[in-house]
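Chemist: Let me see the structure of the following:
(one chain, ligands or ions: 1)
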Amino acid sequence: MNIPTPHIGVSQQGIVAKTVLMPGDPLRAKFIADTFLEDAVQFNNIRGMLGFTGTYKGKKISVMGSGMGMPSIGIYSFELFQFYGVENIIRIGSCGAYTDELELYDVILATDAYSESAYAKVQSGSEDDVMLPSPELNEKLEGFAKELEIELHKCRIHSNDVFYNGQEGYFEMVRDKHGCKAVEMESFALFANAKATGKKAACLLTVSDSLVTHKVTTAEERQNAFTEMMKIALEMAE
Ligand code: HPA
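Modeler: Sure thing, here's the model as predicted:
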């Protein structure tokens, strides 16, 4: 396939940086570009899935929305990896806590992602129900967090296909049986695509709600708290 792809509108190679940060919300991508990037250029607006490239501390980086769920991040991350020369994608998202060891606004670095999703099986015939991030990216992100004095909680996450789960006891089962401490809806597919294309991916998450304590954050609080996670990921610019 040539560029532009069906879902990313830019036809010039090199407009997307080697490293792309992917929040779920395209407006958060715009917030990051407006707040942290210099000379930001918008490279995508198909379906409103905004993407920007600019510089952070003088180094090039892109940021683009992934949308919600594995089919959505699956499409965008695959096209970035396969057709736009992207080497590294770092998801920067929100998650729900499955344990009271995690507080609202804690920042998580995913050590791996468990899922019931058929994404990896359909994509590349993989029977694995756990997908891994790049150890190299995780090591770098840990180093940046340390330099910025931001505490990172390293744990396995659950990439869930269903936000409005109607089954009693479901999250406790996933937590206790599979060791997941938090839930989101994208990383398993992102990691599967990185594996399938020979590229690298990682995931930082900020706790936005707790399935245990039922505490939630407001949209405004989230915007502020999430800047910690963004600052760690932005250090990946090169
Ligand atoms: N479930 C799934 N994804 C999420 C959640 C949740 O509770 N919170 C933030 N992302």
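
Chemist: can you give me phi and psi for the residue nearest in space to the middle of the chain?
Modeler: Central residue of the chain (C-alpha atoms, centre = their mean): residue 91, 1.7 Å from the mean position. Backbone torsions for residue 91, taken as degrees, to the nearest 10, come to phi -70, psi 140.

Chemist: and if you look at the one 5 residues further on?
Modeler: Dihedral angles phi and psi of residue 96 (degrees, to the nearest 10) take the values phi -100, psi 140.

Chemist: you'd agree the residue nearest to the centre of the chain is up against residue 22?
Modeler: Yes. At 5.0 Å, residue 91 counts as touching residue 22 under the criterion of C-beta atoms under 8 Å. For the C-beta atoms, the positions are set from N, CA and C on the backbone; glycine is no exception.

Chemist: ok so, going back, so where does the nearest residue to the residue nearest to the centre of the chain once chain neighbours are set aside fall, helix or strand?
Modeler: Closest residue to residue 91 apart from its sequence neighbours, by C-beta to C-beta, 6 or more residues apart in numbering: residue 203 at 4.3 Å. Element membership for residue 203 (DSSP states H and E) is strand 200-210.

Chemist: Quick one: check that strand for contact with the ligand.
Modeler: Yes. Contact of strand 200-210 with the ligand is found when judged by C-beta under 6 Å from any ligand atom, involving 208-209.

Chemist: And stretch 150-161, by the same measure?
Modeler: Yes. Using C-beta under 6 Å from any ligand atom, we find that stretch 150-161 touches the ligand at residue 160.

Chemist: Quick check: residues of the protein near the ligand?
Modeler: 94-96, 160, 163, 183-185, 208-209.

Chemist: returning to that earlier point: pLDDT on the strand holding residue 203, on average?
Modeler: When pLDDT is averaged over strand 200-210, the result is 97.

Chemist: for stretch 76-88, same thing?
Modeler: On average, stretch 76-88 scores 98.

Chemist: And the residue of this protein that's closest to the ligand?
Modeler: residue 96 (2.7 Å; C-beta to the nearest ligand atom).

Chemist: what residues are up against that residue?
Modeler: Residue 96 makes contacts with 182-184, 207-211, as judged by C-beta atoms under 8 Å, 6 or more residues apart in numbering.

Chemist: rerun that using 10 Å as the cut-off
Modeler: Applying C-beta atoms under 10 Å, 6 or more residues apart in numbering, one finds that residue 96 lies in contact with 102, 157-158, 160, 163, 171, 182-185, 205, 207-212, 216.
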